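K.L.:
Provided below are the primary sequence and the corresponding predicted coordinates.
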Amino acid sequence: MRLGVFGGSFDPVHCGHLAMACAALRELELDGILWMPAGRPPHKIGKQQASNEDRLAMLALAIDPEPAFSLSRLEFDRAGLSYTALTLTQLKEEDPERELYFLVGADSLDYLDKWYHPEIIFEKAVIAVAARRPFSEEQMEEKADDLRLRFGADIRIFPFDPVDVSSTQIREAVQAGEPLTGLVPDAVELYIRIHGLYRDTETDDEE
């Protein structure tokens, strides 16, 4: 089985996330994608806006129409900070025969070697990179070649037509009382409105 693993804060999940997952599923011929909301990401300490359960609920609503998508609360239930190396190790231990594809954007590829134990990440999973602006194909291949050389990484770059939206943009729109049409699935917008999320928050630059 070829399983995509899509991690992130998803605060909230938006149409850009869904478009990227659908592109990976199609272009890499994956059997499914496991959405992995971060429990306590080290780079987001003190910045999380919605609770774990709210983020999980919004993700469940967003991915429900796609049968190849599934949701994990592994990082919520594990104590300590949420490190990708630990998550991929646990997933591999649960099913050693399963081939893992870790989904990232081109921006993350540029500093993936600075993450916690990158050698474990590259050992446990194929790195599936969504090609997107402002990075050129040459820039992405140059960085990929560097990681292949230094870590023996298996990196696959797949085409992706990005949706121009970020989680920060959504939170700002909620604060301004603007509609979220085209930014998040309708069910996610309804959840945000009903539960009063993101009304009085400071934003950061999470995508």
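P.N.:
Perfect, I can see it now. Every value quoted in this text rests on a predicted model; they were computed, and no experiment measured them.
K.L.:
low-confidence stretches in the protein?
P.N.:
41-48, 201-207 (pLDDT under 70).
K.L.:
would you mind finding the longest helix in this structure?
P.N.:
What stands out as the longest helix in the chain, according to DSSP state H, is helix 137-151.
K.L.:
show me what that one is packed against.
P.N.:
If contacts are counted by 3 or more C-beta pairs under 8 Å, 6 or more residues apart in numbering; DSSP states H and E, helix 137-151 sits against helix 106-109, helix 118-124, strand 125-130, strand 155-158. In short, each C-beta sits where N, CA and C put it, glycine included.
K.L.:
quick one: buried residues of it?
P.N.:
By neighbour count on 16 or more other C-beta atoms under 10 Å, the buried set for helix 137-151 is M140, K143, A144, L147, F151.
K.L.:
looks like R156 contacts V126 (just checking).
P.N.:
Yes: R156 lies in contact with V126 (C-beta atoms under 8 Å); the separation is 6.0 Å.
K.L.:
any shared contact partners between those two?
P.N.:
Y101 (C-beta atoms under 8 Å, 6 or more residues apart in numbering).
K.L.:
all helices for the protein, in order.
P.N.:
Assigned by DSSP H, the chain shows helices spanning 15-27, 52-63, 74-77, 84-94, 106-109, 118-124, 137-151, 167-175, 186-195.
K.L.:
circling back to that earlier point, quick one, the longest helix of the chain and strand 125-130 angle?
P.N.:
Orientation check (axes from the mean of the first three to the mean of the last three C-alpha atoms, to 10 degrees): helix 137-151 against strand 125-130 gives 170 degrees.
K.L.:
residues in contact with helix 137-151: which ones?
P.N.:
106, 109-110, 112-113, 118-119, 122, 127, 129, 131, 153-155, 157.
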